[in-house]
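Asker: Show me the folded form of this:
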Amino acid sequence: MSAAVLHDLPLWGLPLRQVHVTRQPPARSGDEGRLRSHVARLAPEDVVLVDGTAVTSVARTVLDIARAVPFPAALAVADAALARDLTSPEELRAALDAGAGTRGSRSARRVVLAADRRSESVGESRSRALMLDAGLPLPDLQVEVRRPDGTLIGRCDFGWREHDVVGEFDGRVKYGRLLSPGQHPGDAVFEEKRREDALRDEGRGVVRWVWAELATPGALIARWTRALDRAR
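Answerer: Numbers count the residues shown, from 1 in each chain. Predicted coordinates for the structure are as follows:
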């Protein structure tokens with residue numbers, strides 16, 4: 001798990017109070033204050049060097065995390081690893097098959113099957129995990145919406161095409177990315193409002209949410225459900 005720090009993967013939801021190390025058998029697992037030792041067999045391809053330090057590969061790190069932490073945090077790590085081309089779906093599946101039958105394999109499989117390189121932030125990954133847990137229809141990601149003449153209105157984080165509904169996770173970092181040189185944050189927010197109006201003019205339902213709402217999933221799931229029901 002600590003390898004995620006060296007691989008510069010998202011750390012949201014990961015327990016970092018201890019340094020986690022993996023040792024080959026016949027070593028024993030142990031908890032020594034700030035050091036947590038795990039015993040597992042590592043294939044040669046499971047170990048890489050990062051700045052001279054031996055760490056588990058990205059694929060192995062993703063799988064180890066997926067076996068040990070809740071689904072939303074593990075999905076955020078897997079999504080980011082794919083988005084940054086640090087690993088591939090094929091490598092994740094190979095690592096999953098190699099560890100078949102070990103504790104947490106079912107949880108790891110769920111993460112691997114759900115991981116998507118198109119997710120652009122931890123907030124988007126958390127949102128998708130919540131949708132999956134709630135059994136909602138799974139949206140497409142990074143959906144382009146165009147006018148009848150082909151003019152691009154915008155690209156939305158989530159899109160339920162069959163419902164004509166789009167979803168946007170609004171994080172502060174997103175608005176930083178939207179700023180042009182010299183542009184004021186308020187201008188970016190105004191442009192986003194104009195874009196939302198244009199989406200609605202084309203008959204799209206629009207649902208927006210922020211980080212804090214992910215902590216109250218019941219209310220947010222109800223909002224998503226109402227939006228999809230209205231479209232029906």
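Asker: For this structure, which segments count as helices?
Answerer: Remark: helices assigned in the chain by DSSP state H are 3-6, 58-68, 71-83, 89-98, 105-114, 122-134, 172-178, 185-201, 217-231.
Asker: Make TSV from those and add distance to G159, mean pLDDT and mean neighbour count to it.
Answerer: C-beta: built from backbone N, CA, C; applies to glycine. Formatted as TSV, the helices of the chain follow (distance: least, CB to CB, whole Å; pLDDT from 0 to 100; neighbours: other CB atoms under 10 Å):
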stretch	distance to G159	mean pLDDT	mean neighbour count
helix 3-6	30	95	19
helix 58-68	26	96	26
helix 71-83	17	98	25
helix 89-98	22	96	17
helix 105-114	17	97	18
helix 122-134	12	98	21
helix 172-178	16	50	13
helix 185-201	10	74	14
helix 217-231	12	93	14
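Asker: I'd like to know which of those helices is closest to R41.
Answerer: helix 89-98 (9.2 Å; CB to CB).
Asker: just how off-centre is the closest one within its chain?
Answerer: 18 Å (CA atoms, centre = their mean, to the nearest Å).
Asker: what packs against that helix?
Answerer: Applying 3 or more CB pairs under 8 Å, 6 or more residues apart in numbering; DSSP states H and E, we find helix 89-98 packed against helix 58-68, helix 71-83, helix 105-114.
Asker: With distance to P15 as added columns, please give these in CSV.
Answerer: Below are these laid out as CSV (distance: least, CB to CB, whole Å):
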stretch, distance to P15
helix 58-68, 9
helix 71-83, 9
helix 105-114, 15
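Asker: I'd like to know which of those helices is closest to L199.
Answerer: Short answer: helix 71-83, nearest of the helices and strands packed on helix 89-98 by CB to CB, at 24.5 Å.
Asker: do you know which of the helices of the chain lies nearest L49?
Answerer: helix 3-6 (9.9 Å).
Asker: ok, back up a step: looking at the helices and strands packed on helix 89-98, which is nearest to E90?
Answerer: Nearest of the helices and strands packed on helix 89-98 (CB to CB): helix 58-68, 9.3 Å.
Asker: pLDDT score for A40?
Answerer: Note for A40: predicted pLDDT of 82.
Asker: Count the neighbours of P70 for me.
Answerer: 12 (other CB atoms under 10 Å).
Asker: my guess is it meets G13, correct?
Answerer: Yes - with contacts counted by CB atoms under 8 Å, P70 reaches G13, the gap being 6.6 Å.
Asker: Would you tell me which of the helices and strands packed on helix 89-98 gets closest to D201?
Answerer: Comparing these by CB to CB, helix 71-83 comes nearest, at 31.4 Å.
Asker: Now do the closest residue to L82 other than its chain neighbours against R147, distance only.
Answerer: Spatial nearest neighbour of L82, chain neighbours left out: R117 (3.7 Å); criterion: CB to CB, 6 or more residues apart in numbering. To R147, R117 is 28 Å away according to CB to CB, to the nearest Å.
Asker: neighbour-wise, which of the two wins?
Answerer: Under the neighbour definition other CB under 10 Å, R117 and R147 were set side by side, and R117 has more, 17 against 11.
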